[in-house]
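> Got a predicted model here, sequence first, then my questions.
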Amino acid sequence: MKTSKDSATELEIAVATQARLPTQYGELISRVFVDAMTKAHHVALVMGDVGNGEPVLTRIHSECLTGDVFGSLRCDCGLQLDQALEQISTEGRGVLLYLRQEGRGIGLYNKIRAYALQDQGLDTVEANEHLGFPADARDYKVAAQMLEALNVKRLKLLTNNPKKLEALADYGLEVTERVPLVIPPSAENRDYLATKRRKLGHMLSPDSPVSTGSEE
């Protein structure tokens, strides 16, 4: 696999363990990957035969403790996680990668600091940059490596984030289709979603009664 970036074939991750995971969405196989460089643990949730060469419904979801676990309304991450798993369940086949990239890559501590700045009037991009971070500090090489380890090379990607599409293509993966995740905005996250569309290029309609995307 030759790409414009470092090849994802030079694996820096490995499956540490795996087990059956019965859930409300159906039975999944949970595979934990360890990043040899950072020692971070990332998770792949797999349903069905994903290594047969056919495009695989795939969600790359970065960790959001506040949204995924505590139901925060500041973002739409928890709802996106639920919807992605529901769509994989409906299809009966798919992969969800859960990456340890909290707060668009700045970590939980700095994410809460950014929230405090947002409470003072900064938007989500301005808050990250005020703290000295990029608007989005994530990298998707580990995701490409996890997919390669799962023998997934063709994807139907659940996303509205163009950065993910570009990154996976750079690592030699074929995105055959972009599948939107449509989440109704709330009073708490409407401005945040608009900022992602305007400043981060997320593929959201400014006139739609519903917005899509995921900070994490």
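Structure received. Residues are numbered from 1 along each chain as shown.

> Could you check how far the residue of the chain positioned farthest from its centre is from Thr17?
Going by C-alpha atoms, centre = their mean, the residue of the chain most distant from its centre is Gln120, 27.4 Å out. Noted for Gln120: a distance of 43 Å to Thr17, by C-beta to C-beta, to the nearest Å. No exception for glycine: its C-beta is placed from N, CA and C like everyone else's.

> Ser186 now?
37 Å.

> Neighbour count for these two, which is higher?
Higher neighbour count among Ser186 and Thr17: Ser186, with 15 against 10, using other C-beta atoms under 10 Å.

> Now the more buried one: closest residue in space, sequence neighbours ignored.
Of all residues not flanking Ser186 in the chain, Leu73 sits nearest, at 5.1 Å (C-beta to C-beta, 6 or more residues apart in numbering).

> Tell me who's in contact with that neighbour.
Ser186, Glu188, Asn189 (C-beta atoms under 8 Å, 6 or more residues apart in numbering).

> can I get the residues you listed in JSON lines with distance to Leu81, secondary structure and pLDDT?
Formatted as JSON lines, the contacts of Leu73 follow (distance: C-beta to C-beta, whole Å; DSSP: H, G, I helix; E, B strand; the rest coil; pLDDT from 0 to 100):
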{"residue": "Ser186", "distance to Leu81": "16", "secondary structure": "coil", "pLDDT": "83"}
{"residue": "Glu188", "distance to Leu81": "17", "secondary structure": "coil", "pLDDT": "84"}
{"residue": "Asn189", "distance to Leu81": "15", "secondary structure": "coil", "pLDDT": "78"}
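
> Just name the closest of these to Lys156, please.
The closest of the contacts of Leu73 to Lys156 turns out to be Asn189 (C-beta to C-beta; 25.9 Å).
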